[in-house]
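>>> Need the 3D shape of this:
(one chain, ligands or ions: 1)
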Amino acid sequence: MKESHEAGRPLVLVVEDEPQVRSIIRMNLEASGCQVIECETGAEALDVVQEQEPELIVLDLMLPGLSGLDVCRRLREERGQRDLILMLTALAEEVDVVLGLEVGADDYLTKPFGAREFRARVRALLRRARVTKAAYRIIPLGEGTDIDLDQRIVVHGGGELSMTGKEFDLLVHLAQRPGRVFSRQELLNAVWGMDFVGIDRTVDTHVTRVRKKLRAALGESEVIETVHGIGYRFRRPVEA
Ligand code: CA
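Numbers count the residues shown, from 1 in each chain. So this is what the prediction gives:
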């Protein structure tokens with residue numbers, strides 16, 4: 001399952017429960033020079049998107065459990081517009097298409113579709129993905145301060161705020177899903193790993209340090225909010 005990004009070969013996630021359709025899609029994507037990851041369920045897809053940041057998601061509408069619409073909706077809620085989604089619908093019914101576009105799919109194709117049409121759509125979306133993904137490599141924090149994900153630094157006024165690796169990872173994990181509340185345990189798992197045996201205070205002390213460092217750049221505007229009794233969430237800066 002785990003495939004690393006190969007330079008120059010866009011990573012595409014295919015979410016489709018029918019093995020036959022999945023393998024046809026894979027074949028076409030690979031023929032177009034893409035690297036492919038496959039998922040059978042929506043729940044699995046949500047995890048893979050988070051971990052692997054594919055350039056494009058080919059998402060079937062009819063899936064067992066979470067439907068394609070649910071997945072699309074969840075991705076938009078948690079990750080804004082950073083993912084490009086090509087929705088596949090089984091029926092030419094307008095209602096599917098309308099719904100798909102309503103929850104934020106970038107394009108749709110009705111099954112069965114021809115290889116040429118599919119590849120043309122994929123090419124067009126991948127062109128867009130390059131622009132979209134590049135923009136998302138920078139997360140603005142306001143007051144001229146940005147997280148630069150490629151360089152793994154927080155930039156401010158031509159300089160850089162010094163942070164430890166864990167402090168940076170914690171900030172990024174929150175900032176990539178603005179508005180989403182994370183429990184301390186979730187943050188421990190995500191930043192320190194499942195095996196981390198620690199106490200909740202670890203998260204708290206790191207949040208305190210990150211806030212203190214950000215204060216030098218952001219003044220009193222607080223991007224990491226405490227949600228009492230639950231944990232923390234990132235609040236988008238107003239100007240960004
Ligand atoms: Ca299906």
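
>>> OK, contacts around Val210?
Residues near Val210 by C-beta atoms under 8 Å, 6 or more residues apart in numbering: Met163, Glu167, Leu170, Leu171, Ile224. Yep, even glycine has a C-beta here, placed from its N, CA and C like the rest.

>>> Okay, it and the ion: tell me how far apart.
From Val210 across to the ion, the span is 42 Å (C-beta to the ion, to the nearest Å).

>>> Need the three-state assignment for that residue.
Under the three-state scheme (DSSP: H, G, I helix; E, B strand; the rest coil), Val210 adopts helix.

>>> so how far is the first residue of stretch 228-237 from its last?
20 Å (C-alpha to C-alpha, to the nearest Å).

>>> helix or strand right after the worst-scoring helix or strand of the chain on mean pLDDT?
The helix or strand of the chain with the poorest confidence is helix 94-102; it has a mean of 67 (mean pLDDT, DSSP states H and E). Towards the C-terminus, the helix or strand next in line after helix 94-102, according to DSSP states H and E, is strand 107-110.

>>> avg pLDDT for that next one?
Averaged over strand 107-110, pLDDT sits at 87.

>>> Show me what that strand is packed up against.
The contact analysis (3 or more C-beta pairs under 8 Å, 6 or more residues apart in numbering; DSSP states H and E) places strand 107-110 against strand 85-89, helix 94-102, helix 115-135.

>>> rerun at 10 Å
Where contact means 3 or more C-beta pairs under 10 Å, 6 or more residues apart in numbering; DSSP states H and E, strand 107-110 is packed against strand 56-60, strand 85-89, helix 94-102, helix 115-135.
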